[in-house]
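Sequence and predicted structure below; questions after.
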Amino acid sequence: MEFEGEFNCTDNICLTVLDIPWDDILIPRILPFLHLQQIWSLRLVNKQFNQLIELYFSSLRQLDITQCRKIPVSAFKIMTQDSNLLQKLVLSDFKELTDDVLVPVLGRNPRLSHLNLSACSGLSIKSLTVIRTKCVEITTLSFKECHWVPSASLEAMFIERENLEVIDLTGCWELVDNTIITLVTQSCRLRWLSLARIYGITEVAIVEVANFCPDLEYLDIQGCWRVTDNAISILARSCSKLKVLKVKDCPRIGERSLARLRIHGMMIDVPKPQSHSTYASLPHQRPPSARMAAVDVPINFRI
């Protein structure tokens, strides 16, 4: 017995996935829920699926290759060859990426607002120049662990960058105070900033961060050993919206400046040091040093 409305292939009514409307259903409502590797594999099914996936890639507004453990350059070229609507591009740790591959993609996608090039060691100043001239709407930018990034090129890029809100410069060793000063004086909307392990910057740069970034919520200066308590004190007074501060491996920053920030509930990656006041709060207790001094018996330390 057949149920009413049941599809019968003998009547040529048998449907496939490809019969679902592409532009209205498959591309915007189904394919985005698949893993990038699965989408890529669909290209191999037949010519129609190949056409579908090519159309999907050309309509992408976001592309994050970190979903795949390793992606060949040839695959990336196919994914982006017809793209011109990209707004978010995440290429973290894509070490095989070169200027010749990236520059055409940047040129075709002037609406990019989010660009992550963390640890892309195969790029050069050529890519920075295209970002500066073509991608003028960027609000989020990451050059984390891009040791090749020179100060002069970044300073030129930061000029008239009023839209920047999030920038990660972790591990960009060649940067100096003037680079950071150029950034913050041109990008007063910054909310998130990482300068971790940029060993050349001093408190001069951090003071300017405090002066020009009133909306700053996150600041990472781990390993910036030249920064002192004075800069953090100014930061505490000027950046009232600051919620997270990372100062690990900054030997010149101590509780003298951090205490005021802790009072306001700020998250700091360095724990509050223990003090003798802990023992004072206990009844009939003295600090260990005091109790040891009162014992007039020689102590034999065994090694």
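Nice, I can see it. Numbering: from 1, shown residues only.

switch to C-alpha atoms for all contacts and neighbour counts from now on
Will do.

Tell me which residues of stretch 187-200 come out buried.
By neighbour count on 16 or more other Cα atoms under 10 Å, the buried set for stretch 187-200 is 187-199.

try stretch 85-101
Neighbour-count burial for stretch 85-101, counted by 16+ other Cα under 10 Å, picks out 85-95, 97-99, 101.

could you dump that stretch to PDB, C-alpha only?
Extracted C-alpha coordinates of stretch 85-101, given in PDB (Å, rounded to 0.1, in the frame of the first residue of the first chain):
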ATOM      1  CA  LEU A  85      31.800  39.900  -1.000                       C
ATOM      2  CA  LEU A  86      34.200  38.700   1.800                       C
ATOM      3  CA  GLN A  87      33.900  40.700   5.000                       C
ATOM      4  CA  LYS A  88      35.800  38.300   7.300                       C
ATOM      5  CA  LEU A  89      38.900  36.400   6.300                       C
ATOM      6  CA  VAL A  90      40.800  34.200   8.800                       C
ATOM      7  CA  LEU A  91      44.100  32.700   7.500                       C
ATOM      8  CA  SER A  92      45.900  32.000  10.800                       C
ATOM      9  CA  ASP A  93      49.000  29.800  10.600                       C
ATOM     10  CA  PHE A  94      48.700  29.600   6.800                       C
ATOM     11  CA  LYS A  95      52.500  29.400   6.300                       C
ATOM     12  CA  GLU A  96      52.300  28.500   2.600                       C
ATOM     13  CA  LEU A  97      50.400  31.700   1.900                       C
ATOM     14  CA  THR A  98      52.400  34.200  -0.300                       C
ATOM     15  CA  ASP A  99      51.900  37.700  -1.600                       C
ATOM     16  CA  ASP A 100      51.100  36.400  -5.100                       C
ATOM     17  CA  VAL A 101      48.200  34.400  -3.600                       C
END
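
what's in contact with it?
Residues outside stretch 85-101 that contact it (Cα atoms under 8 Å, 6 or more residues apart in numbering): 58-66, 70, 72-73, 77, 109, 111-124, 126-127.

got it, and stretch 245-265?
By Cα under 8 Å, 6+ apart, stretch 245-265 touches 218-230, 232-233, 236, 243, 266-270, 272-273.

Mind checking which of the residues you listed are buried?
Neighbour counting by 16+ other Cα under 10 Å classes 218-225, 227-229, 232-233, 236, 243, 266, 268 among the contacts of stretch 245-265 as buried.

Tell me which helix or strand comes right after the top helix by length along the chain.
The longest helix of the chain (DSSP state H) is helix 47-58. Sequence-wise, the next helix or strand downstream of helix 47-58 (DSSP states H and E) is strand 62-64.

so how far is that following strand from its chain's centroid?
Relative to the centre of its chain, strand 62-64 is centred 14 Å away, using Cα atoms, centre = their mean, to the nearest Å.

go on, stretch 60-68?
With Cα atoms, centre = their mean, you get 15 Å for stretch 60-68.

returning to that earlier point: mind picking the two most distant members of the buried residues of stretch 187-200?
R189 and Y199 (24.8 Å; Cα to Cα).

roughly how far apart are the closest residue in space to R111 that isn't next to it in sequence and L216?
Nearest residue to R111 in three dimensions, chain neighbours excluded: Q87, at 5.6 Å (Cα to Cα, 6 or more residues apart in numbering). Distance, Q87 to L216, by Cα to Cα, to the nearest Å: 24 Å.

swap in R132?
For R132, the distance to L216 (Cα to Cα) stands at 23 Å.

Repeat that for A259.
From A259 across to L216, the span is 19 Å (Cα to Cα).

Between R132 and L216, which has more neighbouring residues?
L216 (25 against 18; other Cα atoms under 10 Å).

ok so, going back, would you mind listing which of the contacts of stretch 85-101 are buried?
Buried by 16+ other Cα under 10 Å: 58-63, 65, 109, 111-121, 123, 127, out of those.

wait, doesn't R111 sit right on T139?
No. Assessed by Cα atoms under 8 Å, R111 is found out of contact with T139, at 10.6 Å.

Leaving out the residues flanking it, which one is nearest to C213?
In space, C213 is closest to C188, 5.2 Å off (Cα to Cα, 6+ apart).

Just list the residues touching the one you found, thanks.
C188 makes contacts with E162, F212, C213, P214, D215, as judged by Cα under 8 Å, 6+ apart.

count of residues packed around the second one?
It refers to F212. Neighbours of F212 (other Cα under 10 Å): 20.
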